[in-house]
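K.L.:
return a 3D structure for these sequence lines:
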Amino acid sequence: MPILNIAAYRFVALDEAGLPAFRDRLLQRAEGLGLKGTVLLAPEGINLFLAGDADGVRGWLQALRDDDPARFGPLHAKESWSEAQPFQKLKVRLKREIVRMDLPTLRPATARPPAVAPATLARWIAAGHCDAGRPLKLLDTRNDWEVDAGTFAGAIDWRLRKFTEFPAALAAHRAELAGATVVSFCTGGIRCEKASLAMEDLGLDHAYQLDGGILQYFEDTAGQAPGWVGRCVVFDERGSLDAALQAPQA
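P.N.:
Reported below is the predicted structural model:
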């Protein structure tokens, strides 16, 4: 398939005063390569979904890493392929947060929470508990309509309408999570990273995020995705992907 799709994010402190010029540079570079999608920039980091010719997409990403290797060198992008361009426009925007949570005390750029690799989670799901023997609870941090399309069997679903509702829901349900190993998950890792930090702030000692999110789980388990039921919503014209990272057939 001719179109490479990438999704990537990184929580890293960026100078707010320099963001407009940085935005313009990224936009011009993407326009020159014929890419489409969305790039979000905020003082807490970068979040992006881009698609286009493989050389162009990878070239843009490498130029971003080369711009500031200390900040963007570790940026990891998840790849998938499509027959057609899944985005209609190119947007590079400045935001207050790259994923809005409205929890100003949270500083995701300063420390990453513990993460569990997809292969490890698959093993924990099969066993019904983590390696330390604690019960395993999977926490879906996505919106209710995303959960309805697919999720892990038995996952906790607080029927969130938007991610800003997560902190209040977590406070209300904190006691239900105590004593368990809690693995939060989301599409690509960004929401569950913030969710894990929020759980740490509330004193939950065994809170993890699924490293790379659902899409990385699909990729690393070679499309088998143990424990997963349904499809994963993605935010482009493909609509959703199955465990083999394939869009619905037209």
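K.L.:
dump the worst-scoring helix or strand of the chain on mean pLDDT to CSV, restricted to CA.
P.N.:
Ranked by mean pLDDT, DSSP states H and E, the weakest helix or strand in the chain is strand 77-82, scoring a mean of 92. The C-alpha coordinates for strand 77-82 follow below in CSV (Å, rounded to 0.1, in the frame of the first residue of the first chain):
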residue,chain,number,x,y,z
ALA,A,77,6.6,6.5,15.6
LYS,A,78,4.1,3.7,15.1
GLU,A,79,3.6,2.9,11.4
SER,A,80,0.7,1.5,9.4
TRP,A,81,-0.2,1.5,5.8
SER,A,82,-3.2,2.5,3.7
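K.L.:
what lies in contact with it?
P.N.:
1, 3-8, 51, 61, 188, 212, 215-216, 219, 238, 241, 245, 247 (C-beta atoms under 8 Å, 6 or more residues apart in numbering). For every residue, glycine as well, the C-beta is placed using N, CA and C.
K.L.:
now the residue of the chain most remote from its centre: how far from Leu204?
P.N.:
Using C-alpha atoms, centre = their mean, the residue of the chain lying farthest from its centre is Gly133. It sits 27.5 Å away. Distance of Gly133 to Leu204, computed by C-beta to C-beta, to the nearest Å: 17 Å.
K.L.:
got it, and Pro113?
P.N.:
11 Å.
K.L.:
what does Leu48 give?
P.N.:
In terms of C-beta to C-beta, Leu48 sits 30 Å off from Leu204.
K.L.:
domains in this protein, by residue range?
P.N.:
3-94, 115-241 (automatic domain parsing).
K.L.:
hmm, Thr221 is touching Ala119, no?
P.N.:
Yes - using C-beta atoms under 8 Å, Thr221 is in contact with Ala119, at 7.1 Å.
K.L.:
looking at those two, which has the bigger crowd around it?
P.N.:
Remark: of Thr221 and Ala119, Thr221 carries more neighbours, 17 against 13, as counted by other C-beta atoms under 10 Å.
K.L.:
ok now do that one, which residues does it touch?
P.N.:
Per C-beta under 8 Å, 6+ apart, neighbours of Thr221: Pro118, Ala119, Ala122, Ala243.
K.L.:
secondary structure element for the closest residue to the last one other than its chain neighbours?
P.N.:
Beyond its immediate neighbours in the sequence, the residue positioned closest to Ala243 (C-beta to C-beta, 6 or more residues apart in numbering) is Ala225, lying 3.9 Å away. Under the criterion of DSSP states H and E, Ala225 resides outside all helices and strands.
K.L.:
counting neighbours, what do you get for Ala225?
P.N.:
22.
K.L.:
got phi/psi on Ile156?
P.N.:
Backbone torsions for Ile156, taken as degrees, to the nearest 10, come to phi -70, psi 130.
K.L.:
oh, that last question was meant for Cys232, not what I typed.
P.N.:
phi -110, psi 120.
K.L.:
burial measure for it, as a count.
P.N.:
24.
K.L.:
quick check, it in contact with Asp148.
P.N.:
No - when contacts are counted by C-beta under 8 Å, Cys232 is not listed as touching Asp148 (11.8 Å).
K.L.:
ok, what's across the strand from Lys36?
P.N.:
Beta-bridge partners recorded for Lys36 (DSSP bridges): Ala51.
K.L.:
show the pLDDT at it.
P.N.:
We have a pLDDT of 98 for Lys36.
K.L.:
separation between it and Leu48?
P.N.:
The value you get for Lys36 to Leu48, if C-beta to C-beta is used, is 12 Å.
K.L.:
same deal with His206?
P.N.:
31 Å.
K.L.:
re earlier: please identify the most buried of the domains of the chain.
P.N.:
The highest mean neighbour count among the domains of the chain, using mean count of other C-beta atoms under 10 Å, belongs to domain 115-241: a mean of 18.
K.L.:
that one: how far from the chain's middle?
P.N.:
How far domain 115-241 lies from its chain's middle: 11 Å, per C-alpha atoms, centre = their mean, to the nearest Å.
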